[in-house]
Every structure is written in C-alpha cells, then in structure tokens.
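Asks: For reference, the sequence and a predicted model appear below.
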Amino acid sequence: MPEGPVIAEMFSGIAPRYDLANHVLSFGMDFGWRQRLADAVAAKNPPVVVDLATGSGDVAFALKKKLGAGVKVSGLDFCRPMLEVAERKKAKLPSAWDISFAFGDCLNLPLADNSVDALTIAWGVRNLADRPRGFAEMRRVLRPGGSLFVLENSQPEGWARPLCRFYMNAFMPFAAGLLTGKPDAYRYLAVSSSGFPGREALAAEMTAAGFTRVRYEALGLGAVALHEAEK
Ligand SMILES: C[S@@+](CC[C@H](N)C(=O)[O-])C[C@H]1O[C@@H](n2cnc3c(N)ncnc32)[C@H](O)[C@@H]1O
C-alpha cells in the first residue's frame with residue numbers, strides 16, 4: 001500500500017474529473033450505493049455524523065439530504081483538491097450550507113474521543129496506508145454505541161468474478177484514462193480492489209479492531225459491500 005502523501009497526490013491529479021469518472025465507470029450505480037449508505041445511517045438517527053475520506057463530498061451531500069437540517073454532518077479528507085471540489089459543489093446546493101468540510105487524516109483524526117455518533121467512509125478504507133490504525137482511530141472517536149459504516153469495493157463471487165475482474169483490469173483503466181487523463185490512478189484502483197479483503201475477511205478485521213455487531217450486505221453483484229458495526 002502506498003504511503004499517504006502518494007495517495008493524496010494521486011487523488012489530486014484526478015480531482016477535477018473524479019465525479020464524472022465515478023458515475024460513468026459505475027454506470028450510475030454509485031448514486032444508489034451512496035443512497036443505500038445514507039438510508040442505513042438514517043436508521044440510527046445519529047445527531048452527529050462525520051464522513052471520512054469524503055473526497056468530493058457526495059456521501060456528505062446524500063447524508064444531509066436524508067438526515068435533514070437538525071443533524072450535524074461534516075466531511076474530512078487529506079487531499080485538498082478533492083475538498084475544493086466538495087466546497088464548490090456545496091456552494092451550489094442550498095440545502096448543504098451547514099455541512100463543514102475540513103482537512104483530516106483518517107490515521108490521525110482531528111476529533112475528540114467518543115465525540116461522534118456515526119462515521120461513514122466510502123471507498124476510503126481501501127486507500128488507507130495502515131488499515132488497523134485507521135479502524136483504531138475510528139473506534140476512538142465514536143461514542144460508545146455509535147456506528148461505523150464502510151462502503152467499499154469487495155470481491156464478487158461465482159460467474160460475476162471473472163466479469164468484474166476483466167472490467168476492472170482491462171476496460172476501466174482504458175476508459176478512465178480517456179475520462180481523466182490518469183490511467184495509472186485507475187490501474188491502482190484495480191490492483192487495490194483485487195487485493196482487498198472479501199466481505200467476511202473485512203468483517204473479521206473490524207471485529208479484531210474492537211467493533212461489535214459487525215454485519216454486511218453485498219451490492220452490485222458483490223463488487224461492492226456495505227459493512228456496518230458498532231463501538
Ligand atoms: C475513492 S475516493 C472516495 C471519495 C468519496 N468518499 C466518494 O464516495 O466518492 C478516496 C478518498 O480517500 C481519501 N483518503 C485516502 N486516504 C486518506 C486518509 N488517510 N485520510 C483522509 N483521506 C484519505 C482520498 O484523498 C480520496 O479523496
């Protein structure tokens with residue numbers, strides 16, 4: 001896994017076209033996956049939610065839309081160009097005026113112990129240079145009984161596996177290269193996704209990090225998974 005500054009630099013390079021590439025390469029399914037995440041968070045009625053590795057802010061916007069004005073939603077990321085994209089989008093969304101976006105590293109969160117009711121992280125955990133440390137930080141800042149939601153690429157099974165592998169390894173870097181001019185970033189995406197733990201293995205990592213009631217659901221033929229856990 002590359003170190004944090006290398007990851008931040010890579011996302012700086014694709015920030016201007018990150019959203020477009022996301023929507024095109026997922027055939028628009030990323031909207032539904034973020035919505036599923038927002039629905040799962042809403043079921044917990046959390047007053048304070050922080051979206052980690054928020055990037056261009058789409059999860060924070062989906063959360064705000066779902067949870068409404070009374071809920072405090074913030075987004076943290078360590079890539080300033082991605083945060084700038086989030087701020088520009090926020091300026092055009094009246095309902096998002098009270099979302100705060102700020103610089104923050106998931107491996108050293110700028111948040112007090114036991115201060116957050118729900119944490120979300122979408123397509124961020126796979127990019128952490130030190131996942132156990134990231135989970136330890138998440139657990140530190142969650143209040144007892146608070147919830148962690150992890151939306152991430154996963155391992156499809158059965159007939160979907162070779163199909164998704166071909167798509168990720170062959171087609172996607174080519175198409176993403178055309179869309180963003182940065183095919184290497186999407187080769188990294190393919191490599192980091194194929195080496196990422198499957199649903200059970202990620203659940204085991206979360207349990208090992210001290211989370212309880214860890215559960216998950218497969219989305220998009222198992223190419224994506226939503227894990228939920230409690231402190
Ligand atoms: C694939 S993007 C996901 C963005 C967003 N969550 C979404 O749903 O589109 C991954 C993001 O994770 C951020 N990231 C990776 N490692 C991080 C870390 N240690 N701390 C904070 N942000 C991190 C990157 O800067 C990037 O914006």
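Replies: Structure's in. What do you need?
Asks: Excluding chain neighbours, what is closest to the residue nearest the centre of the chain?
Replies: To find the centre residue of the chain, average its C-alpha atoms and take the closest one (CA atoms, centre = their mean): that gives residue 122, at 1.3 Å. In this structure, residue 122 finds its nearest non-sequential neighbour in residue 151, 4.0 Å apart by CB to CB, 6 or more residues apart in numbering. Just so you know, the C-beta spots here come from the backbone N, C-alpha and C atoms, and that holds for glycine as well.
Asks: So the one you found belongs to a strand, correct?
Replies: Yes: membership of residue 151 in a strand is supported by DSSP: H, G, I helix; E, B strand; the rest coil.
Asks: Burial check on it, number of neighbours?
Replies: By the other CB atoms under 10 Å criterion, the neighbourhood of residue 151 contains 24 residues.
Asks: need the contact list for the closest residue to residue 15 other than its chain neighbours.
Replies: Taking CB to CB, 6+ apart, and ignoring the residues beside it in sequence, residue 15 has residue 81 as its nearest neighbour in space, at 3.9 Å. For residue 81, the contacting residues are 11, 12, 15, 16, taking CB atoms under 8 Å, 6 or more residues apart in numbering as the criterion.
Asks: Contacts only, for the last one.
Replies: When you say that, I think you mean residue 16. Taking CB under 8 Å, 6+ apart, we find residue 16 in contact with 81, 85.
Asks: how about it, phi and psi?
Replies: Phi and psi for residue 16, reported as degrees, to the nearest 10, are phi -60, psi -30.
Asks: got the contact list for the residue in the chain that the ligand sits nearest to?
Replies: Closest to the ligand within the chain is residue 55: 2.5 Å, counting by CB to the nearest ligand atom. The contact partners of residue 55, by CB under 8 Å, 6+ apart, come to 11, 18, 77, 79, 82, 85, 86, 123, 124.
Asks: Spell out which residues of this protein are next to the ligand.
Replies: Counting by CB under 6 Å from any ligand atom, the chain comes close to the ligand at 4, 7-8, 11, 22, 53-55, 58-59, 77-79, 82, 105-107, 122-124, 127-128.
Asks: Just the buried subset of those residues, please.
Replies: Neighbour counting with 16 or more other CB atoms under 10 Å marks 4, 7-8, 11, 22, 53-55, 58-59, 77-79, 82, 105-106, 122-124, 127-128 as buried within the residues of the chain next to the ligand.
Asks: Give me the contact list for the helix-or-strand element of the chain with minimal mean pLDDT.
Replies: The helix or strand with the lowest mean pLDDT-type score in the chain, counting by mean pLDDT, DSSP states H and E, is helix 183-194 (a mean of 79). Contacts to helix 183-194, defined as CB under 8 Å, 6+ apart, come from residues 1-2, 10-11, 13-14, 21, 25, 126-127, 153, 165, 168-169, 172-174, 176-177, 180.
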